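A.B. asks: below is the structure, and that's it, no one-letter string:
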């Protein structure tokens, strides 16, 4: 009995250790120019025999850490200024199933790099390639295209009520209510 | 090594107080140190006596000794309680009608410092270096937007946590000029250890001169090389995250670089601010400080030289 328990513990520890390597955090990435090698198709409608589609994977589509970095960049680069937190406003919503310029990772990447008519700026050459792929991976999670295991958990921004820590607390003792600015 | 170079100009010790509050904390520390040392020695002496003694002492005597020790322990703890309460009150008593108001924001992993002023154009934003005048109380408003950090300058004050969504306030004062090292004292992620800053205490006149210089926009590039560096800075990725007042670069993600060349360290106390270290930082910051938000940059050596010339002109 005791041997069985020891064995099970060892097995659990092994699995736990393996789980640590679930994903890779790449801090050093080769900075590449934001340019595409071959055209990306927005439609399957083609003359003659249709060409094979490009492989539809971004480098970070299943990497939870990269997706959370993408979320941070999405807000820091002010994507949320137009798309809000996915609900859309000035720019189209990103959390629905409608994609004007395609939902494949390469399509989303191109939309960010090249910009789109009527408002979407072109970020190619300004935002590093690596970060664009992270933003792409995050954008796909907004409409549920990313694997569940890699998706970020709840977002405070999407809560109907403000989170407790974001509500203003009572002033701490000794602190004056007003800060002359 | 760069570390020895850094340590050469910035000490970091709670036992070398440079302000009234750190002095109170130091007094409390020494009180506790001497009392606890005495207690430790007495306990060790009693233990040694007990080991040496052969015959068992009388029951009454043992009871008396234990009762005495319990009463002494309670008394000492009460002394500590009152002393630390008194220190806490003394720390909170510093205030002034005319303080220097500074807002410090903790970021992963650097410090944003803003000198508040009723006139918006007079505000000064800098990073990882806080200049203060000697002998004048400083009011520091502490802000965090990501995780809990802790603001700690051992020579001037105790630790003060920066809690997201809950702005705090801290008063401190330096009584003698010097450069004091500060450090984030609450684990805040991968590069928590590389989240240091400097407090530069100087005479009121020098502080006023520094503040006036910091209020200026960046001086225009002086040479054609620096001009090309400026163009690269605003056209490439730099401008998306960094601000240089007086240029088109106004990103708010990374530190304000308007007067970068006037600062002593790079990357929150990670490196001394020299052109060589700056070049290494720009080209491959991830080796020096893995996981920091600054991406690597693909610049040719000519472009890098131009960029360095521009940044070196940001006095």
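C.D. replies: Received, thanks. Given the structure is predicted, the values throughout are model-derived calculations rather than measurements.

A.B. asks: residues touching residue 131, list them.
C.D. replies: Using chain A. Residue A:131 is in contact with A:69, A:70, A:73, B:295, counting by C-beta atoms under 8 Å, 6 or more residues apart in numbering or on different chains. (Each C-beta comes from the backbone N, C-alpha and C, glycine too.)

A.B. asks: wait, chain B was what I had in mind.
C.D. replies: Counting by C-beta under 8 Å, 6+ apart, residue B:131 makes contact with B:199, B:200, B:201, B:202, B:207, B:210, B:211.

A.B. asks: picking that back up, which of the contacts of residue A:131 has the most neighbours?
C.D. replies: residue A:70 (26 neighbours; other C-beta atoms under 10 Å in any protein chain shown).

A.B. asks: immediately after the biggest helix by length in chain A, which helix or strand?
C.D. replies: Identified as the longest helix of chain A according to DSSP state H is helix A:2-19. Reading on from helix A:2-19 to the C-terminus, the next helix or strand found by DSSP states H and E is helix A:64-76.

A.B. asks: looking at chain B, which helix or strand is least sure?
C.D. replies: Across the helices and strands of chain B, mean confidence by mean pLDDT, DSSP states H and E is lowest for helix B:2-9: a mean of 45.

A.B. asks: just the buried positions in the next helix or strand after that helix, please.
C.D. replies: Under the assignment DSSP H and E, the closest C-terminal helix or strand after helix B:2-9 is helix B:20-52. In terms of neighbour count (16 or more other C-beta atoms under 10 Å in any protein chain shown), helix B:20-52 has its buried residues at B:20, B:21, B:22, B:24, B:25, B:26, B:28.

A.B. asks: check the stretch 101-250 of chain B for the residue nearest chain A and tell me.
C.D. replies: residue B:165 (4.3 Å; C-beta to the nearest C-beta).

A.B. asks: quick one, phi/psi of that residue?
C.D. replies: Backbone torsions for residue B:165, taken as degrees, to the nearest 10, come to phi 80, psi 0.

A.B. asks: ditto for residue B:161
C.D. replies: phi -80, psi 140.

A.B. asks: quick one: contacts for it?
C.D. replies: Going by C-beta under 8 Å, 6+ apart, residue B:161 touches B:142, B:148, B:149, B:150, B:151, B:168, B:186.

A.B. asks: ok, of those residues, which come out buried?
C.D. replies: Buried among the contacts of residue B:161 (16+ other C-beta under 10 Å): B:142, B:149, B:150, B:151, B:168, B:186.

A.B. asks: among those residues, which lie within strands?
C.D. replies: B:142, B:149, B:150, B:151, B:168 (DSSP state E).

A.B. asks: can I get those in JSON lines including pLDDT and distance to chain A?
C.D. replies: Below are these laid out as JSON lines (pLDDT from 0 to 100; distance: C-beta to the nearest C-beta, whole Å):
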{"residue": "B:142", "pLDDT": "94", "distance to chain A": "11"}
{"residue": "B:149", "pLDDT": "95", "distance to chain A": "15"}
{"residue": "B:150", "pLDDT": "96", "distance to chain A": "16"}
{"residue": "B:151", "pLDDT": "95", "distance to chain A": "15"}
{"residue": "B:168", "pLDDT": "89", "distance to chain A": "7"}
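
A.B. asks: which of those residues lies closest to residue B:289?
C.D. replies: residue B:149 (16.1 Å; C-beta to C-beta).

A.B. asks: go ahead and confirm the closest one touches residue B:162.
C.D. replies: Yes. Taking C-beta atoms under 8 Å as the definition, residue B:149 is a contact partner of residue B:162 at 4.4 Å.

A.B. asks: next one, pLDDT for the nearest residue to residue B:248 once chain neighbours are set aside please.
C.D. replies: Once flanking residues are discounted, residue B:248 sits nearest to residue B:234: 4.6 Å by C-beta to C-beta, 6 or more residues apart in numbering or on different chains. You'll see residue B:234 listed with a pLDDT of 91.

A.B. asks: let me see the contact set for residue B:234.
C.D. replies: Neighbouring residues of residue B:234 by C-beta under 8 Å, 6+ apart: B:247, B:248, B:249.

A.B. asks: which bits of chain B sit near chain A?
C.D. replies: Taking C-beta under 8 Å from any C-beta of the partner chain as the contact definition, chain B meets chain A at B:92, B:101, B:116-118, B:141, B:164-166, B:168-169, B:236-237, B:239-241, B:253, B:284, B:286-287, B:290-291, B:293, B:295-298.

A.B. asks: among those, which ones are buried?
C.D. replies: Buried by 16+ other C-beta under 10 Å: B:101, B:116, B:141, B:165-166, B:168, B:236-237, B:239-241, B:253, B:293, B:295-297, out of the residues of chain B next to chain A.

A.B. asks: does residue B:294 count as helix, strand or coil?
C.D. replies: Taking DSSP: H, G, I helix; E, B strand; the rest coil as the rule, one finds residue B:294 in the coil state.

A.B. asks: and the next helix or strand past the one helix or strand residue B:199 maps to?
C.D. replies: Here residue B:199 is covered by strand B:196-202, with elements defined by DSSP H and E. Per DSSP H and E, the first helix or strand lying C-terminal to strand B:196-202 is helix B:204-215.

A.B. asks: middle-most residue in chain A, spatially?
C.D. replies: residue A:138 (1.2 Å; C-alpha atoms, centre = their mean).

A.B. asks: which pLDDT value goes with it?
C.D. replies: According to the prediction, residue A:138 has pLDDT 92.

A.B. asks: what sits closest to it if chain neighbours are left out?
C.D. replies: Nearest to residue A:138 is residue A:70, by C-beta to C-beta, 6+ apart, at 3.0 Å.

A.B. asks: contacting residues around the one you found?
C.D. replies: Counted by C-beta under 8 Å, 6+ apart, residue A:70 has contacts A:60, A:131, A:134, A:135, A:136, A:137, A:138, A:139.

A.B. asks: quick one: the helices in chain B?
C.D. replies: Assigned by DSSP H, chain B shows helices spanning B:2-9, B:20-52, B:59-92, B:204-215, B:224-235, B:238-241, B:275-283, B:285-288, B:301-312.

A.B. asks: could I get those helices in CSV, plus columns for distance to residue B:134?
C.D. replies: Shown next, in CSV, are the helices of chain B (distance: least, C-beta to C-beta, whole Å):
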stretch, distance to residue B:134
helix B:2-9, 17
helix B:20-52, 12
helix B:59-92, 19
helix B:204-215, 7
helix B:224-235, 35
helix B:238-241, 34
helix B:275-283, 30
helix B:285-288, 34
helix B:301-312, 30
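
A.B. asks: can you tell me which of the ones you listed has the worst average pLDDT?
C.D. replies: Lowest mean pLDDT within the helices of chain B: helix B:2-9, a mean of 45.

A.B. asks: what number of residues lie near residue B:85?
C.D. replies: The burial count for residue B:85: 10, using other C-beta under 10 Å.

A.B. asks: distance of it relative to chain A?
C.D. replies: Look at residue B:85 and chain A: by C-beta to the nearest C-beta, to the nearest Å, they are 14 Å apart.

A.B. asks: list the contacts of the closest residue to residue B:310 other than its chain neighbours.
C.D. replies: Excluding the flanking residues, the one nearest residue B:310 by C-beta to C-beta, 6+ apart is residue B:229, at 2.9 Å. Counting by C-beta under 8 Å, 6+ apart, residue B:229 makes contact with B:221, B:306, B:307, B:308, B:309, B:310, B:311.

A.B. asks: count of residues packed around residue A:1?
C.D. replies: Neighbours around residue A:1, by other C-beta under 10 Å: 5.
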